[in-house]
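S.K.: sequence unknown, structure follows:
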């Protein structure tokens, strides 16, 4: 895999945190075609944050298809490929957190799913690059707004 998470990971800007960084340690992956890291510590101003533990996990996992799908054959008469399968890639971040006093931790989860049409990776790689760049750029540019939206339910 080409995903090589460097530690510390620089966190995105959100309210109440100043220059957040996250110390990552390798972890056992949850599936054969995946990698996982735990957030074992942090830096910058990140008040009241708990780091990874058994009861309050803080993990980042990356998944790829177990067997990537290939583009099917075109109809010999029409030249049309009837079904174009997607290869699905995921990045999942999990963080244990309390919902109220005297409760057991619940898991907050963010999942980004990349559904890439088979064949696009070789036929139009620049469009694939544009897709990923725009999506990640949106998450990065709007990190503070996304955090506020998750707290207030206001877009």
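M.R.: Looks like it came in fine. Treat the numbers as computed from the prediction; the structure is a model and nothing was measured.

S.K.: where does the chain dip in pLDDT?
M.R.: For the chain, the stretches with pLDDT under 70 are 1.

S.K.: the helices in it, which residues?
M.R.: Here the chain has its helices, by DSSP state H, at 120-123, 125-141, 143-152.

S.K.: Just name whatever secondary elements the shortest one is in contact with.
M.R.: Meaning helix 120-123. helix 125-141 (3 or more CB pairs under 8 Å, 6 or more residues apart in numbering; DSSP states H and E). Every residue, glycine included, has its C-beta placed from N, CA and C.

S.K.: List the beta-bridge partners for the residue nearest to the spatial centre of the chain.
M.R.: In the chain, the centroid-proximal residue (CA atoms, centre = their mean) is residue 91; its distance is 2.7 Å. Beta bridges link residue 91 to residue 62, residue 112, judged by DSSP bridges.

S.K.: isn't it right next to residue 132, touching?
M.R.: No: contact status for residue 91 versus residue 132: not in contact, 11.1 Å apart, counting by CB atoms under 8 Å.

S.K.: show me where this structure has strands.
M.R.: 9-10, 18-27, 34-45, 58-63, 86-97, 106-117 (DSSP state E).

S.K.: Can you say which of those is packed in most?
M.R.: strand 58-63 (a mean of 20; mean count of other CB atoms under 10 Å).

S.K.: Need the contact partners of that strand.
M.R.: 1, 3, 5, 24, 27, 29-31, 33-39, 50-52, 89-96 (CB atoms under 8 Å, 6 or more residues apart in numbering).

S.K.: before we move on, back to that, arrange the helices of the chain in JSON lines, one row each, with distance to residue 15 and mean neighbour count as further columns.
M.R.: Compiled in JSON lines, those are given as follows (distance: least, CB to CB, whole Å; neighbours: other CB atoms under 10 Å):
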{"stretch": "helix 120-123", "distance to residue 15": "37", "mean neighbour count": "12"}
{"stretch": "helix 125-141", "distance to residue 15": "15", "mean neighbour count": "11"}
{"stretch": "helix 143-152", "distance to residue 15": "6", "mean neighbour count": "13"}
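
S.K.: Could you check these and tell me which one is nearest residue 20?
M.R.: Closest to residue 20 of those is helix 143-152 (CB to CB; 10.3 Å).

S.K.: just the angle between the closest one and helix 125-141, please?
M.R.: Angle of helix 143-152 versus helix 125-141, following axes from the mean of the first three to the mean of the last three CA atoms, to 10 degrees, is 60 degrees.
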